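Q: Sequence first, predicted model second:
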Amino acid sequence: MINKLTIIGLGLMGGSLAKALKAQGAVGEVVATGRRAESLERGLQLGVIDSYTLNMAEAVAGADVVVIATPTLVAEKIMAELAPLMTANMVVTDVASVKGNIQKAAERIFGEVPPNFVLGHPIAGSEQSGVEASAVDLFLDHRVILTPLANTSDASLLLVRSMWETCGAEVVCMDVAEHDAVLAATSHLPHVLAYTLVDALAQNGAAADIFRFAAGGFRDFTRIASSDPTMWHDIALANRDAILQGIDTFAAHLNTVRGAIADGDGDVILDTFERAKHARDEHFLGQYLARQKKSPSS
């Protein structure tokens, strides 16, 4: 039971966390703070939070858990404001998609990442943003990655783990650098590709017809280009090195396929497509079957 939860930056992630904990009766009071009174007021109207304030000191006073749910590059400014307000009894965590920059920022601000600061990242989301898009089941059957450090307190880690598990998430722990490399390949690079493809086609002289006749495959592939551009701008800069490595790897493979198409080398094309289909089917079908085995009635 979390007596008081403070969410800094009330949007999709923070709002969904509040909804999920409320639905489970696992939180007493949810207070939000942020820069924009409009979104905080909207969260209050929707019943996502119990109260809000634009004053961070008021928001975090007496909080058991403080969740930094802002875009990645904003989180550093938030930590600087939060530093003099933190107490030993307050557990702080975040939801940023990049952990390396959060760790470095915390080390600059605090001298070291405090033992009661648990770095975290829920692997869930939507192309929609804002507190209006928050959903009680956003984290259900999704993974949350925690990246505890050597000095992270066991009690703080246990509390954050329990909080996410209460929301229906599967919690795993991972090294900071490994997390950023994995997410660069599986999430950050796909968003860069989707944004870039849509932008390239939008600047084509035949853009109107291209989008008019776009079928389901195009919509599925580019859906994530409807995500919040500011958030993904921050992620691209925060995880620059890992994303650049992913872009270079993808570009090399794409160039190989381009060469095969130019040369009419059907064997290379087919081999590439078959390997990709097998890898995707094996991974995602395996996940689906595991969920069905876990919940046979669903």
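A: Nice, I can see it. Numbers count the residues shown, from 1 in each chain.
Q: tell me the pLDDT at Glu107?
A: We have a pLDDT of 96 for Glu107.
Q: What distance do you get for it to Pro190?
A: 30 Å (CB to CB, to the nearest Å). The C-beta positions use only the backbone N, C-alpha and C, and glycine is treated the same way.
Q: Which of these two has more residues huddled nearby?
A: More crowded of Glu107 and Pro190, by other CB atoms under 10 Å: Pro190, with 15 against 12.
Q: which ones are touching the more buried one?
A: Residues in contact with Pro190, defined by CB atoms under 8 Å, 6 or more residues apart in numbering, are Ile224.
Q: Show me what counts as buried in the strand or helix carrying it.
A: Element membership for Pro190 (DSSP states H and E) is helix 189-202. Using 16 or more other CB atoms under 10 Å as the test for burial, helix 189-202 gives Leu189, His191, Val192, Leu193, Ala194, Tyr195, Val198.
Q: what's whichever helix or strand comes after that helix packed up against?
A: Using DSSP H and E, the next helix or strand after helix 189-202 towards the C-terminus is helix 207-212. With contacts defined as 3 or more CB pairs under 8 Å, 6 or more residues apart in numbering; DSSP states H and E, helix 207-212 has these neighbours: helix 189-202.
Q: any idea of the mean pLDDT in the helix it packs on?
A: On average, helix 189-202 scores 92.
Q: Pull the distance from that helix to the chain's centre.
A: 19 Å (CA atoms, centre = their mean, to the nearest Å).
Q: what about the helices in the stretch 51-200 of the chain?
A: In the stretch 51-200 of the chain, the helices defined using DSSP state H, counting those that start in this stretch lie at 56-60, 72-82, 100-110, 154-166, 176-183, 189-202.
Q: Now tabulate these in TSV and tack on distance to Ala88.
A: Output for the helices of the stretch 51-200 of the chain, formatted as TSV (distance: least, CB to CB, whole Å):
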stretch	distance to Ala88
helix 56-60	13
helix 72-82	14
helix 100-110	13
helix 154-166	10
helix 176-183	24
helix 189-202	38
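Q: contacting residues for the residue at minimal distance from the centre of the chain?
A: The chain has Ser97 as the residue nearest its centroid, 4.6 Å off, counting by CA atoms, centre = their mean. Taking CB under 8 Å, 6+ apart, we find Ser97 in contact with Thr72, His121, Leu183, Ser187, His188, Ile235, Ala238, Asn239.
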